[in-house]
Every structure is written in structure tokens, then in C-alpha cells.
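Novice: predicted model follows, preceded by the sequence.
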Amino acid sequence: VDYTLFADHLLAGDSLLDSAHVAAAMWADIQQEIASRFHEKLIGETAQLDSAAVDSLYAAGNFRLIHHIAYDVQPDAAPDIRAAKRRVAEDTRAKLTSGVLTWAQASEASDDAESRSREGDLGVIERGEMTERVENAAFALAPGEISPVTETPRGYDILFRPPLADVRAEFKDGVEARIEQQFDSTYLQKLPERWDLRVRSGIGPAVREVGRDPV
């Protein structure tokens, strides 16, 4: 139908390429572009980290880029099965710290399929995002250090905090994304007060009308 209507307009001498037709057809993309430009203007330099800032944030340690190797144990597993799994984890850690295995090699045996292809990369984390034991182990690590075998709700973990030189670009991108998220959250929370927003009575029908005709 669209092509037939388009052909009819072409035959009538109307290409439909005037700005009004284009804007109507592309309104969703235009609206997103306007929003993206406004967002970039708001963010400005807030989330842009220079090299010195990256060094400082990595050293401060409030943001951590952590890799892990997971050894899963079923919650109802017998004690001997749990103990055997822990021995495997301890053996792997011993080989890592002695140089027999590289982290890349050891991470191939991780039971975390989602992160295994990334050498166990969990990305940039902050406090309050992991279980207490894992968090304490992660935030005790110096750059380049490997944690003791740590018990988790799903089994056992070995954690690794890579040196900054190995993950500078990923760490920078991860921290910038988090700064941007925090900025967005704060900005949105302040809007009702800044604009003196109130919820009017009978707003439901108006919202439904907007849903039917958003433009």
C-alpha cells in the first residue's frame, strides 16, 4: 500500500520530499536526535575523564574493575561435593599465583558462561552491588592482585583486579557511563521541584490521549 500511494504521488508530481513530509515520516528519529543533543549539552564535560582523572579514580578504588572465575555448587550439594569443588578452586588459585596458569587460561574453566568469553570480566562495580563476601574480597584487592578463594551463594569465586595499564580504556568507559547514569538520575529527581510539577486531578484521560496521539 505504501509503495502504491508513493507511486500515485510521484505520478501527480509530488515527490513527498518536502520537509513537512520527511519530518512526519521520521518524527521518532528526529525526536530522539533532539533528546540526544539536549542530553549531550546537559552532560557537557561532566562525564568526560582525562588521563589524570582516570589514574586518580583507579587509585582511589571507589570504582573497581573486577574479573572472576566462578565454581558453581548446587545449594543442596553434599559436603564432600562442596569440599571437592573448593579444592579445585584452591588448586587453580595456587597455579595462578605461581605462574603455572595465566588468568586467561584459568578463566576458561569458569562456570559463569556469561563472563567466560571475556576472561571473567564483570565490568566496573561499586560498593553495594555484590554479596558482602564477594564485595569485601573485591575491594580488598590491590591492582594486579588475586583474591583468596571466596565463598558465594552459588559456590566459590576467585577474583582478580587487573592493573590499570591492561584495562585503561574499559575502566574509563565504565566509570564515565556510571557518572552519566548518576547525573541523569539526579537531574530527573530534581525536575519536579525545579519546574514546580504537580499531578493534576483527572490526569488519566489526558495521558491516554497523549498515548493515542503522541506527536
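Specialist: That came through, no problem.
Novice: how near is the nearest residue to residue 108 once chain neighbours are set aside to residue 148?
Specialist: Once flanking residues are discounted, residue 108 sits nearest to residue 116: 6.9 Å by C-beta to C-beta, 6 or more residues apart in numbering. C-beta here means a position set from N, CA and C on the backbone, and glycine is covered the same way. Here residue 116 is placed at a distance of 21 Å from residue 148 (C-beta to C-beta, to the nearest Å).
Novice: give me the helices and strands touching the longest helix along the chain, please.
Specialist: Identified as the longest helix of the chain according to DSSP state H is helix 164-194. Secondary-structure packing of helix 164-194 (3 or more C-beta pairs under 8 Å, 6 or more residues apart in numbering; DSSP states H and E): helix 27-43, helix 51-60, strand 64-72, strand 121-125.
Novice: kindly reformat the ones you listed as TSV containing mean pLDDT.
Specialist: Formatted as TSV, those follow (pLDDT from 0 to 100):
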stretch	mean pLDDT
helix 27-43	92
helix 51-60	96
strand 64-72	97
strand 121-125	96
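Novice: between the ones you listed, which one is nearest to residue 88?
Specialist: Residue 88 lies closest to strand 64-72 among these, at 6.3 Å (C-beta to C-beta).
Novice: residue 211 is nearest to which of the helices and strands packed on helix 164-194?
Specialist: Nearest of the helices and strands packed on helix 164-194 (C-beta to C-beta): helix 27-43, 14.6 Å.
Novice: roughly how far out does the closest one sit from the chain middle?
Specialist: A distance of 21 Å separates the C-alpha centroid of helix 27-43 from that of its chain, computed with C-alpha atoms, centre = their mean, to the nearest Å.
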